[in-house]
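[1] Got a predicted structure plus its sequence, pasted below:
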Protein chains: 2
Amino acid sequence: MANTTKVHGSVLSTATRRVLVCLYEKGLEFEFVPVNMAVGEHKKEAFLSLNGTPLVTPGRQMATLSVWMEVEAHHFEPAASKLNWELCFKPLFKIPTDTAAVEENEAKLAKVLDIYESRLTQSKYLGGDSFTLADLHHLPSISYLMGTQIKKLFDSRPHVSAWVADITSRPAWSKVVAMN
Amino acid sequence: MANTTKVHGSVLSTATRRVLVCLYEKGLEFEFVPVNMAVGEHKKEAFLSLNGTPLVTPGRQMATLSVWMEVEAHHFEPAASKLNWELCFKPLFKIPTDTAAVEENEAKLAKVLDIYESRLTQSKYLGGDSFTLADLHHLPSISYLMGTQIKKLFDSRPHVSAWVADITSRPAWSKVVAMN
């Protein structure tokens, strides 16, 4: 898998320069690949095909996506990570599970998933019609929770259940799981 | 400068897994370097020293930082990029400068810089006491503007002027400029 980090851009472009200064500030090494914008190389297939799955969306859709990323960060993740700690990691480390904490967070997660169920009747993914970071951010926690008693909370909500099946079957996620 | 992109983490960590699934979705190649959290490797110097300049801040300070990043994106950058287009890039491409657009955006930028001048009396950098992304994002446009008549808008505001001198003299930025 080893390869060199490449930055494709123009040294005169302010956008490219922002990326470059970040890399230098962080002390990360990279190879610079000049893109000749004067002859339109940035609009040609060779350059455009460098992008993988678009994980964000342009314009106004980005606002919707941001809202769902906030919901994930402030509502889903706090409950999900506590449940994972109690039900996945504590058993792994031979620490007793706190059943009161499980009950409390199970109830919280159920409420979040009710909102997701409603949202997913309107669009296939949380941020809209395509898979984005708003969905991706859920993958690590959901993947662990599906191996616990919490699975029932996802299974009992048909749109949530279909969404979980969809996002967890993405090839990129399978590659992460295969790293164990 | 060529080197391999490395991801240092634990395959069991949900945080690491988020990073990994993003890389796989984007089709980016990398080398995974396991960090053994069970023996505390993530708290040891070898791991901690991997991080370069911290460009974001933890906790509540991040909210302040985000506000200034928004100010940059919605107020500074629109005026600055139009001025750069008129005063740097158009001359480069032998296109006549639109003096009305220059005047309009110069007035807009002056107002933004008044706000910066006031802010920079309170803290050394826009996001607080340390250099962050809120400052870094300005570098490419400011660097170009300092070579135009717009330089006077920065020079005439003492705190803004000191801030510009500070951020443009960072070694990381010098490396970007040297790429020309």
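    Yep, it's here. Residues are numbered from 1 along each chain as shown, chains lettered A, B, ... in the order given.
[2] Report the buried residues of stretch A:85-96.
    Buried residues in stretch A:85-96, counting neighbours by 16 or more other C-beta atoms under 10 Å in any protein chain shown, are found at A:W85, A:E86, A:L87, A:C88. Using the backbone N, CA and C atoms, a C-beta is placed for each residue, glycine as well.
[3] Same check on stretch A:163-177?
    Neighbour-count burial for stretch A:163-177 flags A:W163, A:V164, A:I167, A:R170, A:A172, A:W173, A:V176 (criterion: 16+ other C-beta under 10 Å).
[4] Test my guess that the first one contacts A:G127.
    Yep, that's A:W163 we're talking about. No - using C-beta atoms under 8 Å, A:W163 makes no contact with A:G127, being 11.7 Å away.
[5] tell me, what's touching the two both at once?
    Common contacts of A:W163 and A:G127 (C-beta atoms under 8 Å, 6 or more residues apart in numbering or on different chains): A:D135.
[6] And the nearest residue to A:H75 once chain neighbours are set aside, how close does it get to chain B?
    Distances taken as C-beta to C-beta, 6 or more residues apart in numbering or on different chains place A:V112 nearest to A:H75, at 4.8 Å, with adjacent residues excluded. Per C-beta to the nearest C-beta, to the nearest Å, A:V112 is found 17 Å from chain B.
[7] and the host helix or strand of A:V112, what does it pack onto?
    Per DSSP states H and E: A:V112 is located in helix A:99-122. When contacts are defined as 3 or more C-beta pairs under 8 Å, 6 or more residues apart in numbering or on different chains; DSSP states H and E, helix A:99-122 sits against helix A:61-71, helix A:77-84, helix A:151-155, helix A:158-168.
[8] what residues does that helix touch?
    A:68, A:71, A:75-76, A:78-80, A:82-83, A:86-87, A:126, A:150, A:153-154, A:157-160, A:162-163.
[9] quick revisit: name the nearest of the buried residues of stretch A:85-96 relative to chain B.
    A:C88 (9.1 Å; C-beta to the nearest C-beta).
[10] my guess is that closest one contacts A:T148, does it?
    Yes - using C-beta under 8 Å, A:C88 makes contact with A:T148 at a distance of 6.4 Å.
[11] shared neighbours, the two?
    In contact with both A:C88 and A:T148: no residue, using C-beta under 8 Å, 6+ apart.
[12] measure A:P91 to B:P140 for me?
    50 Å (C-beta to C-beta, to the nearest Å).
[13] Kindly report the same for A:V19.
    Distance from A:V19 to B:P140, by C-beta to C-beta: 10 Å.
[14] Done for today, thanks.
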